[in-house]
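Engineer: everything below, folded, please.
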Amino acid sequence: MSQDPPVQMSIDVPRDARYFEDYVPGSCFQFGGVEVHENEIIEFATQFDPQPIHMDRDAAENGPFRGIIASGWHTIGLMMRLFVEHYLTSVASMASPGVDEVRWSVPVRPGDQLQVRITITEARPSRTKADRGLVHSFVEAVNQRDEVVASFKAMNIIGKRPSASRQ
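Structural biologist: Sure thing, here's the model as predicted:
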């Protein structure tokens, strides 16, 4: 029977010194948080997801969630902010070929406090370019009750640490 890895609250290497080699498969981290405010939910929804459950208090109260909830895309945006601020290297991130399996499992409400929990599921060197690798991460947003509210699988192309001979 396998056991989940312990959750760490930081990566040993700072973002400005973090390279592909620092993303170790099986590692799990939890970072953040950010408080979700009703005015931000409404502002985001007004611009990007204008549905009554996200921006009309009266309609939302009478809707399936009994109150305003954040757009799932707003939640993903908040997750991305925490992902970039705490997890993604600031010196060796090259690109992302995409994300898979976006899921919204619990509504995000005004006042919720979100953190991201990130598990490195795979890190493999590029087959074609020796200076980089591909890191796969499972990213979950958790609220103050430790409920997973959203998740996705991320892929990031990360540069390898420059060798002393290349500097």
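Engineer: isn't residue 136 right next to residue 121, touching?
Structural biologist: Yes: the criterion here is Cβ atoms under 8 Å, and residue 136 meets it with residue 121 at 4.7 Å. Just so you know, the C-beta spots here come from the backbone N, C-alpha and C atoms, and that holds for glycine as well.
Engineer: for residue 66, see how far away residue 43 is.
Structural biologist: Distance of residue 43 to residue 66, computed by Cβ to Cβ, to the nearest Å: 22 Å.
Engineer: ok, now residue 85?
Structural biologist: Using Cβ to Cβ, residue 85 is found at 32 Å from residue 66.
Engineer: equivalent analysis for residue 106, please.
Structural biologist: 14 Å.
Engineer: give me the mean pLDDT for the lengthiest helix in the chain.
Structural biologist: Assignment by DSSP state H gives helix 72-86 as the longest helix of the chain. Mean pLDDT, helix 72-86: 96.
Engineer: and stretch 72-83, how far out from the chain's middle?
Structural biologist: Mean-position distance between stretch 72-83 and its chain equals 6 Å (Cα atoms, centre = their mean, to the nearest Å).
Engineer: only the buried residues of that stretch, if you could.
Structural biologist: Buried residues in stretch 72-83, defined by neighbour count with 16 or more other Cβ atoms under 10 Å: 72, 74, 75, 76, 78, 79, 80, 82, 83.
Engineer: what residues are up against the closest residue in space to residue 57 that isn't next to it in sequence?
Structural biologist: Sequence neighbours aside, residue 68 is the residue nearest to residue 57 in space, at 6.0 Å (criterion: Cβ to Cβ, 6 or more residues apart in numbering). Each residue near residue 68 by Cβ atoms under 8 Å, 6 or more residues apart in numbering is listed here: 38, 41, 42, 53, 54, 55, 56, 57, 60, 109, 110.
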